[in-house]
Each structure stands twice: as C-alpha cells, then as structure tokens.
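> Structure, please.
(chains A, B, C and D)
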Number of protein chains: 4
Amino acid sequence: MNTAIVIGVGPDRGLGAQLCRRFAGLGLKVFVAGRTRESLDAVVANIEADGGAAEAVVTDATDECQVASLFDAAGDGLTLVVYNVGNNTPGRIADMEAGYFEAAWRTGCFGGFLVGREAVRRFLAGDSGSSGDDGAGNGGVATGTRGTLLFTGASASLRGRANFGAFNSSKGALRNLAQAMAKEYGPEGVHVGHVVIDGGIAGEKIFSRFPDFAESAGGGRLISLEGIVDGYVHLFRQPPTAWTFELDLRTSVENW
Amino acid sequence: MNTAIVIGVGPDRGLGAQLCRRFAGLGLKVFVAGRTRESLDAVVANIEADGGAAEAVVTDATDECQVASLFDAAGDGLTLVVYNVGNNTPGRIADMEAGYFEAAWRTGCFGGFLVGREAVRRFLAGDSGSSGDDGAGNGGVATGTRGTLLFTGASASLRGRANFGAFNSSKGALRNLAQAMAKEYGPEGVHVGHVVIDGGIAGEKIFSRFPDFAESAGGGRLISLEGIVDGYVHLFRQPPTAWTFELDLRTSVENW
Amino acid sequence: MNTAIVIGVGPDRGLGAQLCRRFAGLGLKVFVAGRTRESLDAVVANIEADGGAAEAVVTDATDECQVASLFDAAGDGLTLVVYNVGNNTPGRIADMEAGYFEAAWRTGCFGGFLVGREAVRRFLAGDSGSSGDDGAGNGGVATGTRGTLLFTGASASLRGRANFGAFNSSKGALRNLAQAMAKEYGPEGVHVGHVVIDGGIAGEKIFSRFPDFAESAGGGRLISLEGIVDGYVHLFRQPPTAWTFELDLRTSVENW
Amino acid sequence: MNTAIVIGVGPDRGLGAQLCRRFAGLGLKVFVAGRTRESLDAVVANIEADGGAAEAVVTDATDECQVASLFDAAGDGLTLVVYNVGNNTPGRIADMEAGYFEAAWRTGCFGGFLVGREAVRRFLAGDSGSSGDDGAGNGGVATGTRGTLLFTGASASLRGRANFGAFNSSKGALRNLAQAMAKEYGPEGVHVGHVVIDGGIAGEKIFSRFPDFAESAGGGRLISLEGIVDGYVHLFRQPPTAWTFELDLRTSVENW
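The predicted model follows:
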C-alpha cells in the first residue's frame, strides 16, 4: 500500500485534515502529522471510520529529528508529501520582535525545507516504478512519477503587503524554494507543486477566530475546502508529461 | 443538453480536437470551430462515432460576424467556451513586416476578445441556474457557475524573448485581457481561466512540422495532449468557491 | 549633433513635452512628434526659447509611412527614441465595440512596434561609435550604446483589472514586445527600457479632465513630471555594462 | 552633516565599498559596516584620502545587538541605509545541511529584517524635515523623504532555480519583506527600494574567486560597479512624488 504524509494538520474542518481524508479515501495510507495529538487522533479516527488507513505522528515540522522520525514511520511506498504548515503572522515591521519574524520563517519556510528535503531523499531512494502500476492502493498517482511534493502557498507568496511583512517574507521564501526544487528534481521524476490559496478558507479556524467575518462573508466569500482539496488531487494525478507547478485558488467574488 | 464551443480546432491529434472529444464525452454538445472544414468534420465524425453530439462550424475567430454566427449556432445552454486559436510566430522585429505583427495579434488576442466578449454576453443573458443542476448532459459543471471561458496561453504569455516578439506580444495581450475579464465577470458567476502551456505539445502539428525534433524529443519531452485536456476539465469543474485563474503545464524534463 | 525622437507629445505640462525639453536641454536635437500641430509647435518654441534645438513632426504613430517619415526627418546621429503614445481606455468588455478594443491596441502597442522597429533599424545601420564620444551634443549617452529605446508603461502593463481590459491588454502587449526587443537587440548595443508609471501624472491632462480628483489629490498624490523624466534620463545614461530594463515609479502614498 | 549606513562592505573593488565611497563623495558621513576590520578600515582610509567622512563599524548583520550599536554609532541625521549583505549559496536541496540553508536565510534575509527595522525606527523618530533642506552635506536627498532604505537583490529574488534553492529562498524572502516595508512606510516618508542585480559584478570577488570566468567574460560580460552605484544614487535622489521600488541591472549581453 502506498503512503502519504500530510504535515500541518489541525481541526477536522481544516485543510490539512481534509487532505488526509481525501487521500486516504483514494487508497493511500496517510501519516497525519501536526503538533496536537488530539486533533491528529480525531482525523485518524474519522479516516478509519470510513474504512481508510491512517496513523497519527505528533511532529514539529521545524525540528529536524522529528521530521526524520515522521518519514521513518511512513516507511516504504511513499508517494505523496504535503507541506501545509504556516500561519498568517500580521504585524508592522517597526514594532516586531526578531523572534516573531524568525518564527514566521521557521514554520513558513524552514519546516518546508526540512520536509521537502526528506521527501526528495526518500522519493529518489525508492523504487521508481513502484508508484506507477496504477494498481490498488496507489491513490491514482500517474505512471512515471516517483513522488509528489505539494506546498500550500498564499497570495502572500507572490508579493509584499503592508502589515504582513513577516508572513509575506516567509511565504516568498517557501515559493522560491519550491520552484527551485521543482526544477531540480522534476527531471528525476519528482513532481513539486505550489498551491496559491488567495483568500480565507471556509474552515474551522476562520469560523472560530473570526466568527463575525465568516458570518458576514457568507458561503460564497470563503474558499471551499473541498475545492482546494480537488486542486491537490489534480496535481497529484498529473502525468510527468503534463505537470503543473502552480495553481491559484480563490472565490468568484474575491477582489484580486 | 448543455453546449460548449471550442474554437481553434485542427487535426484530430491536436489540442482543439481533443478538447472537443473530451467535453463531448462528458455529455456536452460541442460546437467544433476552426478554419478548415475537413478537420472539423473529422472531429465531429469521431465524436459521433463515440456516441457524442457535435457540430462543425467553419469560423474565422478574427471575424466579428462569423463569431456571432458561431454563438448563434450554439444557442441556449452554453456552458463552456474555449479559445484555442493562435500560432507561434517567430521572427526578429527589425526584419518583420507590419502585417505579420498585426496578424499575430489578430489571431492571438483580437479573436480572443471577440470570442470572450460574446461568451460573456451569452453567459450573462442565460438562465444562471440552468448549468447548475448537475443533471444529465451538463458535463459536470459546478453548481453556481454561469459559464466557463478558458484561454490557451503559453510561457510566451508571461515575458518577452528574443526572436519571438510578435508571439510574446500577442500572448501577453491575451493574458492581460483574460485576467481583466476574470476579475470583471467572476463576481457575476463567469469563470475565466488561462492555461499556460510551457513547451511543445505531443500533437500532430509538431510531428508533421518538426519530425526530427519530435523524434529526438521522445515521448517524455512533449506535453501530453491528454494531460493538458485534464487541466481544462479540472478548471471547468471547479465550484465558484474555488476557482483557478491560471494553471501552468510542462513536462518533467522541461528546462524552465 | 545627436538627435532624439519623442513620439506622443501633447500639452507642455505633459510627459511627452517634458521629455522633449529635458533631452533638448542635454544637447540633443529633439524631433517632437504627435498628432496636434499646435501642441508640437508650442513645445518647439519653448525649447528654442531655452536655446535648444527641436523640430515638430506631425505624426500618427500607428501609420507606417508617417513613422518612416519621422525617422527620415531625424536623420543621422539618432541616439534616443521614446514611445510615449497610448491613453487609458476604460470600459467593460461585454459592452465594448470591437473597434474600440482594436484602437487601444493600435495606439498602445502597434505604434510601439512601428516606432521600435524603425528605431532599431536606424540604430543598427548607424555608426556604432558615433554616440559614444561623450563629446558635445550627445546628451551624455554612455560609450558603447548604439541607441536607447524607451517605452512608457503603466501598472496596467503587468496585470489585468476589471473595467480596464482594453488598456491592460494593449499595455501587456507592449511590455512583452519591449522585453523581447531588449533581449534581441541588447547584445547589438541597443538599450531597450520600459518605465512603469503607477498612478496619475501631475500633468495638464489630469488637471483639465479630472480637476476635482487632481484638487483632492493634492500635490503628493500625483506623480511628478520631473521625477518621471529623471527616470528616463537615468536609463538613457546607463552604460552597456549596467542597463535597466524596467523601472517603476509611483508616489510615496500610492496604494499598490 | 547627514549620515548613511552601508552594511555588507568587503574589498574596495566591491559593491559595498563603492557605495560607501560614492555616498561619502556626495557629502554624507558614511558608516562602513561589515565583518572584516581590515576591509572596513581600508575603505574609510580611501574615503578620508578623498576628503570625505567615514567610520568603520565591525558588525555582524545577523546579530540584533550589533545592529543596534551600529545605528547608535551613526546617530542623528540618518538619511540612507543600504543592506548589501548575502552571498550566493549554491547546492542541491537533497544534499544540503539544515544549518547551511538557515545560514543563507540569516545573512540573506534576517539581517535585512534587523537592519530594515532599525532603519525605519530611526527614520520615523527623526525630524522629518531635516533631510529635506537640500543644503550642504545632505547628499542631495530629495525634499520630503525621511529616509531611504535600499536592499541589494538578484535575479534569484524573483524565482527559484535548480542548484540555488537556498539562495533563491533567502532572496525571495528579502524581496517580499522589502516590498511590504515599501508599502508600509512609504506613506510615512520612508523610501524603500530593491535593486535586482542580474549577473556577475565586475568586482574583486569574481576576479579572485573565478579568475578564468572573469577573464573569459571580458569587460562587457560583468556588471559595472560604477553603473550599479549610479542606480542606488538615482533611487536615493528621487522625490516622494516619483519613487522607484525596483530597478533591474544587467549587461547588454546577459542572456535573460
């Protein structure tokens, strides 16, 4: 059975958890990684209740050893890795503590380096043909792909904006890293993609932290979790003769 | 039965024709438009042989009247329009005739304006709910979308490059037009997308015109038609709460 | 005496006219080109009153013959060409006449092709050393540059925006053309640059057409003519070992 | 007398040193900062020999305390700060140690945050009118600017590339930070700019480390130090009604 790692998993109605559930539904065993044991266990329970296979691995994405342990747990047959870590970190630069700026980079980019590096190492060490038989339990990955590595980006990845310097900087760092990796490992069969999520996601985070905004926004102003997950699945299934590096996602009413 | 228009259809093993066949297979009646009657008829025959519905409409995309007639032929229920017109037009600017530069724009951009404008007019005039019932024969378009308008782009859309000034200029013009339309009509339910095809397509054009290159390129160096069509279908099916404007597509070995 | 052509010259308190005056002040004989005889004559009179040399040439930038005549008038020693033609052309695509969209491209891009092509032809035909002696009357152009070709761009050059599709499309077309030419003719000693003016210019056009906006904007919200002209002069003077392709200009209070 | 800080100063025939000498020549007292005492002292000696004022301050740009001390040393009248730190750091991601990736970010971006933050704090705390009198010793800074903060970028700032992931990531992080700061502090009178240096610089570093390349490159293939410094001076002198955020610089023969 092929395996997947999704790191950056929180509440069930969040992007990380929904990615886990979808890919488990496609037949992959999903290693559900994040910082909060309870959240991970809930996601695993949901997947198992649906007949899927999953395992929770409490992991700090910015810790090199923990990242290595996570990949060791996932073992052979690794087919997909998603780096979904990193929160928006508002604040004016003049008022910002250095530790805050650094922490934004650690979660937004450095963890992406640790996870991305480990993913590529494992993909390249693996049997390049194993994921290509299109047989049961490979999640539908295309023949010829040795592994897919997807990063969650934001409109912040593409430019700087007042009051979001720390977030913009960390996301710009992650995007350039992802693009370098896409070019570096594409010819060796590793598909690296970057999904630009432009706007608020209709998930638990926004409903619990900004209930008024979510309310006033209504259904149409927040990006659908299912729609985002569809995008990741689409990239995962592309053949090496038609890979996408970057996909942007926003609602029909977003002002961009 | 919902309908689709694909304009820029040539040989069966080409992007336009394959788009027609796929969308016909999804249950849409496809209006197959291009300049060569024989090519269009062949595509229609193939679709009908597969049990689909299609109609050939010889159309010059740069002629306002012919574009209007094409849309009249397609009638009600229009759900999808693809603008796939425009050839690469190499040449140094210092040696270029003005008519050549203008012709590149007419096919590369002006036809896109004529077709895009007509598409939006028809989508907005239509019954906004009709395409959203997810019933038989709507091709799987998402609820809430009043119409999808997709443009074929290229890496040339994003920058200028020596020896390709006419092509780059026309594709840059088309991309900015597409982005303006995406922002202008997104809030009214029209999904406008732009697919950046970065490299040679594994279709009849390249095999007949550049057989040596195609041969030496081998299977992996040319972008798969099926993979590209998958991208258009993915955009077509996105819900208004998770639309993509731009998708890039290239092979795993492309140097970008 | 070296010569310059500035095309797209209107009222004296406008960018075209101010470019003419500045470059004349640097010792170049300036060919002042535009559609309105009176405006051109006024600019020439001002230059001559300041002791400079200039000549008015009524020219429609979109007419191939008139463009050739303009360059014939300028004769030998051509050192600088500025393409400053093209107006903002608002309007929604669904409501736009095809002729309006085409006219935006003709002035915004096609004229740039005609002028740019002619400029490159003349620069390359000229004596490559003539402009490099740093002697009297060469305007201070750097040694080794065979000619400088500058295009006036806008933030619209970089993206599409609702209600500005025609303008965005024409400016995107011009920018990709300019970039292709920069790469195509740079190695032959022709410096091609593109100036992105992001915002309203503190010139006669805005004061006469949008007096209320200009008033409320105050001095600081409109881009200074002198500051813009400084940018063109800076590009003109760069040596071939340190050329800029693109320069953006906006006020300190612009929201971008 | 107004003051400037240039951090990232090495050998005299390098960008940092040449920036110091030029701005000292314009009448600013320059605080010459870098890690190597001997290099800094040599630059100061050269400036003083030319009749200028300068002071060496050994500083590690990634150390918060040392950065604060540097700004304390510069004292009142601070007009210009240049962040010129950060080396190219090649290497494939799969083979890279985490400490190497982090170090690239520390010098490439984090130091830029520390220096940029301190610069903005000091500029905003200063007397906003002081730098605008255009009197003796202000270096020619424009009226109305409270301070200018310039970052040295590279083509790596704009995209990822195989074998340069660490460098690309750090420069992308710096660029988004700079753009956020430009938007955040522009309205308060602080001019933030980013200079994209696209190619090798004709300085001591390349001549000593890659003599064969420098030799074969010849004069025209390396970017002129003087030309780059001209660009920084141009940005420094722009009035708040015509500021540039980004300027690219390359030779006429660069392949881009």
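> pLDDT below threshold where in chain A?
A:127-137, A:214-219 (pLDDT under 70).
> try it again with 80
A:127-143, A:209-219 (pLDDT under 80).
> residue with max distance from the center of it?
residue A:94 (30.9 Å; Cα atoms, centre = their mean).
> Wait, a helix at it?
Yes. Membership of residue A:94 in a helix is supported by DSSP: H, G, I helix; E, B strand; the rest coil.
> Contacts only, for it.
D:117, D:120-121, D:124, D:185 (Cβ atoms under 8 Å, 6 or more residues apart in numbering or on different chains). (Each C-beta comes from the backbone N, C-alpha and C, glycine too.)
> wait, doesn't residue A:213 sit right on residue A:206?
Yes. Using Cβ atoms under 8 Å, residue A:213 is in contact with residue A:206, at 7.0 Å.
> Which of those two has more residues huddled nearby?
residue A:206 (18 against 13; other Cβ atoms under 10 Å in any protein chain shown).
> which strands and helices sit next to the helix or strand where that one lies?
Using DSSP states H and E, residue A:206 sits within helix A:204-209. Secondary-structure packing of helix A:204-209 (3 or more Cβ pairs under 8 Å, 6 or more residues apart in numbering or on different chains; DSSP states H and E): helix A:211-217.
> buried set for the very next helix or strand once past the helix it packs on?
Sequence order places helix A:225-237 as the next helix or strand after helix A:211-217, per DSSP H and E. Using 16 or more other Cβ atoms under 10 Å in any protein chain shown as the burial criterion, the residues of helix A:225-237 that qualify are A:225, A:227-237.
> coming back round to it: distance of the residue farthest from the centre of chain A from residue D:181?
9 Å (Cβ to Cβ, to the nearest Å).
> In stretch A:153-173, which of the residues would be classed as buried?
Result for stretch A:153-173 [16+ other Cβ under 10 Å]: buried residues A:153-162, A:164-173.
> same question, stretch A:204-212
A:204-207.
> Tell me the one of those residues nearest residue A:177?
residue A:205 (24.4 Å; Cβ to Cβ).
> Quick one: residues contacting that closest one.
A:10-11, A:14.
> which ones among those are found in strands?
In strands, judged by DSSP state E, none of the contacts of residue A:205 are found.
> Kindly report the residues of the stretch 51-200 of chain A close to chain B.
A:144-145, A:183, A:186-187, A:189, A:191 (Cβ under 8 Å from any Cβ of the partner chain).
> Can you say which of the residues you listed are buried?
Using 16+ other Cβ under 10 Å, the buried ones in these are A:144-145, A:183, A:186, A:189, A:191.
> Pick the one among the residues you listed closest to chain D.
residue A:183 (4.2 Å; Cβ to the nearest Cβ).
> What distance separates the opening and closing residues of stretch A:138-158?
Distance across stretch A:138-158, first residue to last, is 33 Å (Cα to Cα, to the nearest Å).
> does any part of that stretch sit near chain C?
No. Using Cβ under 8 Å from any Cβ, stretch A:138-158 stays clear of chain C, with a minimum separation of 11.0 Å.
> What is the distance between that stretch and the centre of its chain?
8 Å (Cα atoms, centre = their mean, to the nearest Å).
> Could you do stretch A:174-186 as well?
With Cα atoms, centre = their mean, you get 15 Å for stretch A:174-186.
> who touches both of residue A:213 and residue A:206?
residue A:200.
> Also compute the angle for the longest helix seen in chain A relative to helix D:165-185, please.
Taking DSSP state H as the criterion, chain A has its longest helix at helix A:165-185. Angle of helix A:165-185 versus helix D:165-185, following axes from the mean of the first three to the mean of the last three Cα atoms, to 10 degrees, is 150 degrees.
> Helix A:165-185: what's the following helix or strand?
Counting by DSSP H and E, what follows helix A:165-185 is strand A:190-197.
> which strands and helices sit next to that next one?
Using 3+ Cβ pairs under 8 Å, 6+ apart: strand A:190-197 touches helix A:111-125, strand A:147-154, helix A:165-185, helix A:225-237, strand A:246-249.
> Can I get that strand in CSV, CA atoms only?
Taking Å, rounded to 0.1, in the frame of the first residue of the first chain, the C-alpha atoms of strand A:190-197 are listed here in CSV:
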residue,chain,number,x,y,z
VAL,A,190,9.6,14.2,-8.5
HIS,A,191,6.7,16.5,-9.1
VAL,A,192,6.8,19.6,-6.9
GLY,A,193,3.8,21.9,-6.8
HIS,A,194,2.7,25.1,-5.1
VAL,A,195,-0.9,25.9,-4.5
VAL,A,196,-1.7,29.6,-4.1
ILE,A,197,-4.7,30.0,-1.8
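> Give me the common contacts of residue A:94 and residue D:181.
The contact lists of residue A:94 and residue D:181 share residue D:120, where a contact means Cβ under 8 Å, 6+ apart.
> Which member of the buried residues of stretch A:204-212 is positioned nearest chain B?
residue A:206 (13.2 Å).
> from the buried residues of stretch A:204-212, which is closest to residue C:2?
residue A:206 (61.8 Å).
> Could you tell me how far the closest one is located from residue D:101?
Taking Cβ to Cβ, one finds residue A:206 at 32 Å from residue D:101.
> before we move on, what about residue A:65?
Counting by Cβ to Cβ - residue A:65 and residue D:101 are separated by 16 Å.
> Neighbour count for those two, which is higher?
Per other Cβ under 10 Å, whichever of residue A:65 and residue D:101 has more neighbours is residue D:101, with 23 against 10.
> Residue A:62 belongs to a helix?
No. Using three-state DSSP, the secondary structure at residue A:62 is coil, not a helix.
> Select, out of the helices and strands packed on strand A:190-197, the one closest to residue D:77.
helix A:165-185 (26.2 Å).
> hmm, that closest one touching chain D?
Yes. Interface with chain D: helix A:165-185 contributes A:165, A:168-185 (Cβ under 8 Å from any Cβ).
> again with stretch A:145-159
Yes. Residues of stretch A:145-159 contacting chain D under Cβ under 8 Å from any Cβ: A:156, A:159.
> start to end distance for that stretch?
Stretch A:145-159 end-to-end distance (Cα to Cα) = 31 Å.
> from the chain's centre, how far out does the longest helix of chain A sit?
Counting by Cα atoms, centre = their mean, helix A:165-185 comes out at 13 Å from the chain centroid.
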